[in-house]
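In: model this:
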Amino acid sequence: MVDIFDEVDEELRADRAQALLKQYGGVLIAGAVLIVGATGGWQGWRWWQAKQELVAAEAYLAAQRGAEALSATAAPTDRANAAKSFEQVAAEGPSGYRALARLRAAGLRAQAGDRQGAAALAQVVASDNATDTVLRDYASLMVVQYQLDDGDPAQLQARLGPLLAPDNPWRGLAREAQAVLALRMGQADQARVILRDLAKDVTAPDGVRARANALLGRIDG
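Out: Have a look, this model is predicted:
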């Protein structure tokens, strides 16, 4: 008797399954097609993205090799042309390369004497919320350094403010810029205080501490 009931139960389940398949079969097939299409589309997007990143990496490395080939006495036009190679990477490459390419271009522009153009490139990076915070802070510091000679002191001080936080990785360089700005404004005593603290700051880079000592010697001398 148990076997008969089992067979009847199986037939009932089979009938229900057939009824459900007739009622919702089209929906199930459409869902399966959508899943397969979405998976294929995602794989295609990943392939295209990887290809774009590879192209950008090759272009960035080519621009880097061009910049490294420049001699110390390279003409400003040569440095400007090298900057254009990085600017092209920033314009055409994926987001991961834009910030780095713009910062390298800014450095070359500054070396070519175009400090205004360098500051403009760095400002783009500093204002890009999609860029990593550390790079944005570095770009903001670069804007200050490119404008130390002729930028508005109040604006430069305000830009340096967040970079002077104890946990900011660029604090040492920001303090150095703060001292130079104080000297430009005729505040030699304030510059001395900053430079003395910076020279004794073991968390500051060695180069920054050495420059602080050297600048102190020039002020006192």
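In: after the helix or strand bottoming out on mean pLDDT in the chain, next one along is what?
Out: Across the helices and strands of the chain, mean confidence by mean pLDDT, DSSP states H and E is lowest for helix 2-68: a mean of 62. Using DSSP states H and E, the next helix or strand after helix 2-68 towards the C-terminus is helix 76-92.
In: And that following helix, what's buried?
Out: Going by neighbour count (16 or more other CB atoms under 10 Å), the buried part of helix 76-92 is 78-83, 85-87, 89-90. In this view, the C-beta of every residue, glycine as well, is placed from N, C-alpha and C.
In: May I see the residues you listed arranged in CSV, with pLDDT and distance to Ala130 as well?
Out: What follows is the buried residues of helix 76-92, written out as CSV (pLDDT from 0 to 100; distance: CB to CB, whole Å):
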residue, pLDDT, distance to Ala130
Asp78, 91, 32
Arg79, 92, 28
Ala80, 91, 27
Asn81, 91, 28
Ala82, 90, 26
Ala83, 91, 22
Ser85, 91, 23
Phe86, 90, 18
Glu87, 92, 18
Val89, 89, 16
Ala90, 88, 13
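In: just the residues you listed now: which is nearest Arg109?
Out: Ala83 (5.0 Å; CB to CB).
In: Could you pull up the residues touching that closest one?
Out: When contacts are counted by CB atoms under 8 Å, 6 or more residues apart in numbering, Ala83 touches 104-106, 108-109, 112.
In: Can you name the two of those residues that sit furthest apart?
Out: The distance between the two most remote of the contacts of Ala83 (CB to CB) is 12.8 Å, for Arg104 and Ala112.
In: one step back: quick one: which two of the buried residues of helix 76-92 are the most distant?
Out: Asp78 and Ala90 (19.4 Å).
In: Arg98 contacts Ala90, correct?
Out: Yes - here Arg98 lies in contact with Ala90, judged by CB atoms under 8 Å, at a distance of 4.7 Å.
In: And Arg209, how far from Tyr146?
Out: Noted for Arg209: a distance of 23 Å to Tyr146, by CB to CB, to the nearest Å.
In: Please apply the same query to Arg196.
Out: As judged by CB to CB, Arg196 and Tyr146 stand 26 Å apart.
In: Kindly report the same for Gln88.
Out: For Gln88 relative to Tyr146 (CB to CB), the value is 21 Å.
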